[in-house]
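S.K.: sharing a sequence plus its predicted fold:
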Amino acid sequence: MRIVVAVGGNALIKAGQAGTWPEQLANVREIAEAVLALRAQGHEVVLTHGNGPHVGALLLQNALGEQEAAPLPLDALIAMTQGQIGYLLESAFAAVDPSVPIAVLLTRVLVDAQDDAFRNPTKPVGPFYDEDEADRRAAELGWDVAPDAGRGWRRVVPSPFPIKVLGQDNVAALLERGTVVICCGGGGIPVAITGSQVTGVAGVIDKDRCSECLAVEIDADVLVLLTGVRRVSLDFGTRWERELARLTVSDAGRGLSDGDFPVGSMGPKMESAARFVEESGGRAVITSADRLVAAVAGDDGTWVVPDAHGPSVVAKTAVTA
Ligand SMILES: Nc1ncnc2c1ncn2[C@@H]1O[C@H](COP(=O)(O)OP(=O)(O)O)[C@@H](O)[C@H]1O
Ligand SMILES: NC(=O)OP(=O)(O)O
């Protein structure tokens with residue numbers, strides 16, 4: 001099967017970590033092992049990744065050094081995160097099996113320069129702050145800030161919708177040669193067409209939306225969205241929480257409308273999973289890195305399926321299993 005695996009930025013630098021290189025290398029080791037296990041089973045694997053903590057750190061570094069070095073635009077910073085995280089993942093693969101061919105592709109993604117997102121910043125980047133500190137930075141530095149899924153406050157930047165992944169033919173060609181491809185980092189470098197030019201724009205694309213776009217374009221069979229939880233839940237974080245083993249596209253839409261899957265966290269994942277199933281007829285699963293191999297085998301995670309496959313199913317295992 002051809003599988004697109006999307007890794008959240010918050011899995012690369014976990015809550016409470018400073019984000020040192022050794023911490024990040026340790027965090028991605030498990031992902032590298034699981035992806036290589038899938039490849040050994042004969043699957044073609046593309047890895048995409050987020051960059052929220054990393055691009056936020058580069059924005060802070062930009063501001064700290066602006067007296068001595070010219071600050072770079074956001075699209076250039078996203079390209080930098082593709083390089084650093086691509087190298088991180090490549091290093092983790094090499095540590096597990098240096099013989100496996102890996103290609104890291106700088107990826108540009110087409111967006112609409114008039115996307116409403118440019119007037120309504122929603123994408124959290126960088127560290128978490130308490131509300132007072134976030135308010136102070138908003139007032140003093142002109143940042144937009146917002147709460148991030150109950151975990152604290154973060155700077156937010158515009159997140160335009162991905163229209164097309166540029167260079168996706170290269171991804172398919174490399175996969176056919178047995179290469180593990182790392183691309184669409186940080187949701188891709190957002191570019192827009194102005195006149196006859198294709199130029200970078202200031203935003204951070206959601207990597208789950210970008211991964212869905214790529215998965216459709218390269219005709220993937222499965223879209224895997226890796227995150228911090230083994231399965232998606234209804235009534236998440238309450239005493240009534242129920243993990244889902246299977247969710248129909250219609251129930252996914254209802255959950256999105258009802259607020260079961262919040263805009264800044266599970267929402268884009270559920271929306272992207274459901275869109276992939278609808279657009280491609282393929283399958284999508286949301287799970288954690290330690291469950292990747294079992295999930296692809298159909299034994300774990302929350303699968304999003306066409307309505308015709310039957311009703312949504314609550315997982316039998318306890319939340320703590
Ligand atoms: N309904 C839900 N079911 C499970 N987890 C949820 C739900 N709603 C919110 N979450 C939280 O959202 C997180 C995923 O969002 P986030 O960490 O922003 O994504 P990413 O892994 O891409 O960085 C989960 O790890 C979980 O803590
Ligand atoms: N670009 C992006 O979606 O990053 P995160 O996964 O860190 O939110």
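M.R.: Everything's here; your move. Only a predicted model underlies this, so the values are computations on that prediction, with no experimental measurement involved. Residues are numbered from 1 along each chain as shown. Ligands and ions are numbered 1, 2, ... in the order given.
S.K.: interface residues of the stretch 101-250 of the chain facing ligand 1?
M.R.: Counting by C-beta under 6 Å from any ligand atom, the residues of the stretch 101-250 of the chain close to ligand 1 are 149, 227-229, 232-233, 236. C-beta: built from backbone N, CA, C; applies to glycine.
S.K.: in strands, which of those appear?
M.R.: Among these, DSSP state E puts 227, 233 in strands.
S.K.: closest one to ligand 2 out of the residues of the stretch 101-250 of the chain next to ligand 1, please.
M.R.: Nearest to ligand 2 among these is residue 227, at 8.7 Å by C-beta to the nearest ligand atom.
S.K.: count of residues packed around the closest one?
M.R.: Number of residues near residue 227 (other C-beta atoms under 10 Å) recorded here: 20.
S.K.: got it, and residue 213?
M.R.: 27.
S.K.: ok, residue 177 next?
M.R.: Look at residue 177: counted by other C-beta under 10 Å, it has 10 neighbours.
S.K.: swap in residue 167?
M.R.: There are 13 residues near residue 167, going by other C-beta under 10 Å.
S.K.: could you tell me the model confidence score at it?
M.R.: Residue 167 carries a pLDDT value of 92.
S.K.: next up, the contacts around it.
M.R.: By C-beta atoms under 8 Å, 6 or more residues apart in numbering, the residues touching residue 167 are 105, 107-108.
S.K.: of those, which belong to strands?
M.R.: Of the positions in these, residue 108 sit in strands, assigned by DSSP E.
S.K.: can you lay out the residues of the stretch 101-250 of the chain next to ligand 1 as CSV showing pLDDT?
M.R.: CSV is the format used below for those (pLDDT from 0 to 100):
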residue, pLDDT
149, 76
227, 92
228, 87
229, 90
232, 96
233, 94
236, 90
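S.K.: weed out the non-buried ones from the residues of the stretch 101-250 of the chain next to ligand 1.
M.R.: Buried members of those, scored by 16 or more other C-beta atoms under 10 Å, are 149, 227, 229, 232-233, 236.
S.K.: neighbours around the closest residue to residue 234 other than its chain neighbours, how many?
M.R.: Nearest non-adjacent residue to residue 234, counting by C-beta to C-beta, 6 or more residues apart in numbering: residue 242, 5.0 Å away. Per other C-beta under 10 Å, the neighbour tally for residue 242 reads 14.
S.K.: on the pLDDT front, check residue 242 for me.
M.R.: pLDDT at residue 242 comes out at 93.
S.K.: for it, what are phi and psi?
M.R.: phi -130, psi 120 (degrees, to the nearest 10).
S.K.: most neighbours out of the contacts of residue 167, which is it?
M.R.: When neighbours are counted by other C-beta under 10 Å, residue 107 leads the contacts of residue 167 with 27 neighbours.
S.K.: name the element residue 292 belongs to?
M.R.: Using DSSP states H and E, residue 292 sits within helix 292-296.
S.K.: quick check: residue 180 vs ligand 1, distance?
M.R.: Residue 180 sits 20 Å away from ligand 1, going by C-beta to the nearest ligand atom, to the nearest Å.
S.K.: meant to ask about residue 179
M.R.: Relative to ligand 1, and taking C-beta to the nearest ligand atom, residue 179 is found at 25 Å.
S.K.: give the contact list for the residue lying closest to that residue once chain neighbours are set aside.
M.R.: What sits nearest to residue 179 in space, not counting adjacent residues and going by C-beta to C-beta, 6+ apart, is residue 101, at 4.4 Å. Listed by C-beta under 8 Å, 6+ apart, the contact set of residue 101 reads 177-180.
S.K.: how near is residue 101 to ligand 2?
M.R.: Applying C-beta to the nearest ligand atom, the value for residue 101 to ligand 2 is 26 Å.
S.K.: what does residue 203 give?
M.R.: 10 Å.
S.K.: next, the contact list for that residue, please.
M.R.: Residues in contact with residue 203 (C-beta under 8 Å, 6+ apart) are 74, 111, 115, 117-118, 123, 157-160, 190.
S.K.: and those residues, which of them are in strands?
M.R.: Going by DSSP E, the strands hold 123, 157, 190 from those.
S.K.: got the residues of the stretch 51-200 of the chain near ligand 2?
M.R.: Listed as neighbours of ligand 2 in the stretch 51-200 of the chain under the rule C-beta under 6 Å from any ligand atom: 51-52, 186-187.
S.K.: returning to what we had before: among the contacts of residue 101, which one has the most neighbours?
M.R.: Busiest of these [other C-beta under 10 Å] is residue 180, holding 24 neighbours.
S.K.: residue contacts, that residue?
M.R.: 35-36, 39, 45-47, 93, 100-103 are the contacts of residue 180 under C-beta under 8 Å, 6+ apart.
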